Structures are given as structure tokens and as C-alpha cells.
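Undergrad: next comes the sequence, and after it the predicted model I'd like to discuss.
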Amino acid sequence: MSGRKERELNGVTLLGNQGTEYPTDYSSNILEAFDNKHRARDYFVKFNCPEFTSLCPKTGQPDFATIYISYIPDEKMVESKSLKLYLFSFRNHGDFHEDCMNIIMNDLIELMNPRYIEVWGKFTPRGGISIDPYVNYGIPGTKYEKMAEHRLLNHDLYPEKIDNR
């Protein structure tokens, strides 16, 4: 049988763990990574989290969003259960929407140093207005930096159109 060997899963501790503890406070330490076995190829990995919540830093009221994360991996990839728990850790985190998206992107860059990444929050309207912060990053001095510039300038403002198959 082919597939990943146990040694390749070193550091992946949350997946398959029946005693999962759900964080109550923001923490980037929850994130886990594993090796990308297909570094010779550029490809996107996409995550959608339709149940993201954080708190308004002023009122403490909950804010709800769908978070879209897309990245082109380099050496490391984020493990999905750890990402889910990490995003859950924002539940009691009081920050503005734009700050949350930048924090998420920065933490993922620190974890895996992807070739390219974009994070988009489509927040549920409250008080008659919605906020949809979008951030991206490409490795400076590479085609990925150019890609980030192009995507930012030509960003489609409707995530429903994103193909996530």
C-alpha cells in the first residue's frame, strides 16, 4: 500500500485524536503542518470555513463570516483539523474584521511559508453593512509576488464565484 509513512506525519497530533480540546482563546500554536510531496508543481489548496466567529473589540458582540483561504504550497502544508481548531480559537477574540484576516494570513505564512496565499472574510451584514476584507501575499521577487499584485488589482468581489471543487 502506498501513501504517507508514519515518519511523514511527525508533528501531526490533532488528526485522529479523540480527546480534542476546543480552544477558548486565540492561539496560533494550534496550527500544524506536514510536508508537501508535490513541490515541483504549482497547485492551489482551498479551504472554506462558513462558521467563523470573532468578537467586536468595542461592543463584544459576535461577528459571523465565511473565511476563504487559498494557497500555493511550497515545502509545508497546513493540516486541516488544526486549521479548523485555529479558526475556532477566534471565537472569543476581540478584533476588527480586517485585523482577523491579516492575523490569519500572517500565522499561516509563518507556519508554512507558502509560495502564494490569500485570505478572504465575507462577514455577515450587521447594522445594514457587510465587510469583506481580502489580503494576499506572494514570495517577494518571484512570479508569486506578481500574482499577488495581479490578484489584488483584479480581485473578484463575489466569493460565490470561487470554484472550490
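TA: Noted; the coordinates are in hand.

Undergrad: and the residue nearest the centre of the chain, bridged to which residues?
TA: Centroid-nearest residue in the chain: Ile69, 4.4 Å away (criterion: CA atoms, centre = their mean). Per DSSP bridges, the residues bridged to Ile69 are Phe47, Val119.

Undergrad: measure it to Met101 for me?
TA: From Ile69 over to Met101 the distance is 10 Å, taken as CB to CB, to the nearest Å. C-beta coordinates here come from the backbone N, C-alpha and C atoms, glycine included.

Undergrad: shared neighbours of the two, which are they?
TA: 119-120 (CB atoms under 8 Å, 6 or more residues apart in numbering).

Undergrad: before we move on, the earlier item: check what pLDDT the residue nearest to the centre of the chain gets.
TA: Note for Ile69: predicted pLDDT of 97.

Undergrad: quick one: contacts for it?
TA: In this structure, Ile69 makes contact with 46-49, 83, 104, 108, 117-120, judged by CB under 8 Å, 6+ apart.
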